[in-house]
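K.L.:
Return a 3D structure for these sequence lines:
(one chain, ligands or ions: 1)
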Amino acid sequence: MSALSAHCTAGASRQVRLAARPRGRTDGDTWEITTAPVPEPGDGAFVVRTELISVDPAMRGWLDDVRSYVPPVGVGEVMRAHAVGRVVTSRHPDYPEGSVVSGTFGVCEHALVGPGGIPLRAAGVEVVDESIAPASVWLGALGFPGKTAYFGLTDVARMRPGETVLISGAAGAVGSTAVQIAKLHGCRVVGVAGGPDKCAWLTDELGADAAVDYKAGSVGRALRAAAPDGVDVYFDNVGGPLLDSALAQLRTHARIALCGAISGYNATEPQPGPSRYLSLLVNRASMQGFIIFDYADRFPEATAALSAWIRRGLLATPTQIVDGTVDDFGATLNKLFDGANTGKLMLRIA
Ligand code: NAP
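P.N.:
Okay, here's the model as predicted:
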C-alpha cells in the first residue's frame with residue numbers, strides 16, 4: 001500500500017477501494033465498497049470520522065498505472081482523498097477527541113492515523129481553524145485549490161498589476177479562487193467556463209472583467225473580443241483545444257502556468273499537443289508546469305494571505321457539497337468531467 005493511501009476501518013465503517021483500473025471514465029466497475037471494524041488506536045494514534053471528502057480532477061490521474069508525481073492508487077487500496085473529519089478516539093495528545101482535522105484520509109468513513117494506520121506525516125494532518133472559515137473552505141479556498149491558485153499566479157506566472165490574466169476552468173475550485181486573486185492584484189481578468197450561467201457568475205459575482213463560454217461558438221473570436229490586446233498570463237486548468245486558443249492570444253513575454261489539463265484526463269488515446277506552440281517562441285513566452293505539493297514549505301504564506309482576504313470579505317469561497325454516503329463517491333467524481341460543479345466540489349458523508 002502506498003504511503004498516501006489510507007488505512008480505513010470501522011465498526012460499521014466503510015471504504016471505497018479501487019476494484020479495477022478504468023479505461024476512460026470511471027464507472028461502477030472501478031470501485032468496490034468494503035467494510036471493516038473501527039480500530040482502537042494504540043499509543044500515538046487517533047481515529048478520524050471523515051465528514052467532507054474532497055473530490056478532485058487529479059483523482060482520475062491517480063488511477064492510472066503510470067509514472068507521476070505520486071504513486072498510483074493500487075488495485076484493492078482505499079481511494080486516496082483529502083478530507084476533513086472529527087477525531088472520535090485518540091491516544092495522541094495533539095489531536096484530542098472532538099478536534100476537527102484535515103488530511104489525506106481516503107474515501108472512507110473512519111481513518112486510523114498514526115502507528116498501525118496512515119503515518120501522520122503522510123496524512124499531512126492539520127487542525128482546522130473554524131474561526132477563520134467553515135471546515136468546507138479548508139478543502140477549497142484555504143485548501144490545496146486555493147493554494148494552487150495563489151502560487152500558480154504569484155510564483156509560477158509572476159503576474160503583475162495591470163496585466164491581463166486569462167484563466168480556464170474559471171468557475172471551478174482553483175479557477176474561481178484564481179479569478180479573485182488576480183483581481184485583488186490589480187489585473188484585468190478574463191475567465192473561461194462552460195455555459196452562460198457560469199460565465200454570468202464569473203463577471204457578476206466574482207468580478208471577472210470578461211467571461212468566455214467555451215461551449216458557445218468560436219473560442220478564438222470570443223477571446224480576441226475579451227482580450228483585444230492579448231494576454232500576459234494564461235492560468236491553464238484545462239489543456240486541449242483551449243490551450244491552442246490561448247497560445248494564439250499571447251503577448252510578448254507572456255507566461256503560462258500549466259496547472260492542469262482536465263480535458264484529457266479521461267482520454268483513452270494520447271492527446272495531440274498544442275499546434276500553436278511556436279507562439280511561445282515568437283512571443284518569447286514561457287510555459288511552466290507546477291505541482292502544489294512542491295510549495296509545502298510556503299503553505300503558511302498562502303494560508304495567511306487567503307485567510308486575510310476571507311476575513312476582510314474580499315474572497316468568496318464557493319463550495320458545492322453533495323450530501324450522500326461513500327457509495328456516491330464515483331458519481332460525484334464524474335460530475336467534475338461533466339462541468340456539474342461551481343466552486344469546490346466535495347462529498348459530505350452521513
Ligand atoms: P474544478 O475546476 O472545480 O472542476 C473541474 C472543471 O473543469 C469542471 O467544473 C468543468 O467546468 C471543467 N471541465 C471539465 N471538462 C472540461 C473540458 N473537456 N474542457 C474544459 N473544461 C472542462 O476542478 P479543480 O479542482 O479546480 O481543478 C482544476 C484543474 O486544476 C484541474 O486540471 C486539476 O487537475 C488542476 N489542479 C492542479 C493542481 C497542481 O498542483 N498542479 C492542484 C489542484 C488542481 P466547465 O463547466 O467550465 O467546463
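K.L.:
The regular element (helix or strand) spanning residue 302 near the ligand at all?
P.N.:
According to DSSP states H and E, residue 302 maps onto helix 299-311. No. Using CB under 6 Å from any ligand atom, helix 299-311 stays clear of the ligand, with a minimum separation of 12.3 Å. The way it works is simple: take the backbone N, C-alpha and C, and place the C-beta from them, glycine included.
K.L.:
next helix or strand past that helix?
P.N.:
strand 319-324.
K.L.:
Would you mind identifying the next helix or strand past the element among helices and strands of the chain having the smallest mean pLDDT?
P.N.:
Scoring the helices and strands of the chain by mean pLDDT, DSSP states H and E places helix 120-123 at the bottom, with a mean of 92. The first helix or strand that comes after helix 120-123 along the chain, using DSSP H and E, is strand 126-127.
K.L.:
and stretch 112-119, how far apart are its ends?
P.N.:
With CA to CA, to the nearest Å as the measure, stretch 112-119 spans 9 Å from end to end.
K.L.:
which outside residues touch the helix holding residue 302?
P.N.:
Identification of contacts with helix 299-311 by CB atoms under 8 Å, 6 or more residues apart in numbering yields 132-133, 137, 141-142, 146-147, 150-151, 177, 180-181, 184, 295, 315, 317.
K.L.:
so for it, what's the average pLDDT?
P.N.:
Mean pLDDT, helix 299-311: 97.
K.L.:
Off-centre distance for it?
P.N.:
Relative to its parent chain, helix 299-311 has a centroid offset of 17 Å by CA atoms, centre = their mean, to the nearest Å.
K.L.:
Show me which residues of that helix are buried.
P.N.:
299, 302-303, 305-307, 309-310 (16 or more other CB atoms under 10 Å).
K.L.:
by contact count, what packs against the least confident helix or strand of the chain?
P.N.:
Contacts defined by 3 or more CB pairs under 8 Å, 6 or more residues apart in numbering; DSSP states H and E place helix 120-123 against strand 110-113.
K.L.:
run the last query once more with 10 Å
P.N.:
The elements that helix 120-123 packs onto, with contact taken as 3 or more CB pairs under 10 Å, 6 or more residues apart in numbering; DSSP states H and E, are strand 100-103, strand 110-113.
K.L.:
In the stretch 201-350 of the chain, what residue comes closest to the ligand?
P.N.:
residue 260 (1.9 Å; CB to the nearest ligand atom).
K.L.:
Now do the SS call for that residue.
P.N.:
The three-state label given to residue 260 by DSSP: H, G, I helix; E, B strand; the rest coil is coil.
K.L.:
now swap in residue 254 and tell me
P.N.:
When classified by three-state DSSP, residue 254 comes out as strand.
K.L.:
is it true that it touches residue 281?
P.N.:
No. With contact taken as CB atoms under 10 Å, residue 254 and residue 281 are classed as non-touching, separated by 11.9 Å.
K.L.:
Compare neighbour counts for the two and give me the winner.
P.N.:
The neighbour comparison of residue 254 against residue 281 (other CB atoms under 10 Å) goes to residue 254, with 25 against 8.
K.L.:
Could you pull out the helices in the stretch 201-350 of the chain for me?
P.N.:
Counting by DSSP state H, counting those that start in this stretch, one finds helices in the stretch 201-350 of the chain at the ranges 219-226, 240-247, 279-282, 299-311, 329-337.
K.L.:
could I get these as CSV with distance to residue 31?
P.N.:
As requested, the helices of the stretch 201-350 of the chain are exported to CSV (distance: least, CB to CB, whole Å):
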stretch, distance to residue 31
helix 219-226, 35
helix 240-247, 27
helix 279-282, 40
helix 299-311, 31
helix 329-337, 5
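K.L.:
For residue 111, find the nearest of those helices.
P.N.:
Evaluated over the helices of the stretch 201-350 of the chain, closeness to residue 111 peaks at helix 329-337, with 14.6 Å, by CB to CB.
K.L.:
could I have that closest one exported to PDB, CA atoms only?
P.N.:
The C-alpha trace of helix 329-337 is given here as PDB (Å, rounded to 0.1, in the frame of the first residue of the first chain):
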ATOM      1  CA  PHE A 329     -18.100   8.900  -4.500                       C
ATOM      2  CA  GLY A 330     -17.900   7.600  -8.100                       C
ATOM      3  CA  ALA A 331     -20.800   9.500  -9.400                       C
ATOM      4  CA  THR A 332     -19.600  12.700  -7.600                       C
ATOM      5  CA  LEU A 333     -16.200  12.300  -9.200                       C
ATOM      6  CA  ASN A 334     -17.700  12.200 -12.700                       C
ATOM      7  CA  LYS A 335     -19.500  15.500 -12.000                       C
ATOM      8  CA  LEU A 336     -16.200  17.200 -12.500                       C
ATOM      9  CA  PHE A 337     -15.900  16.000 -16.000                       C
END
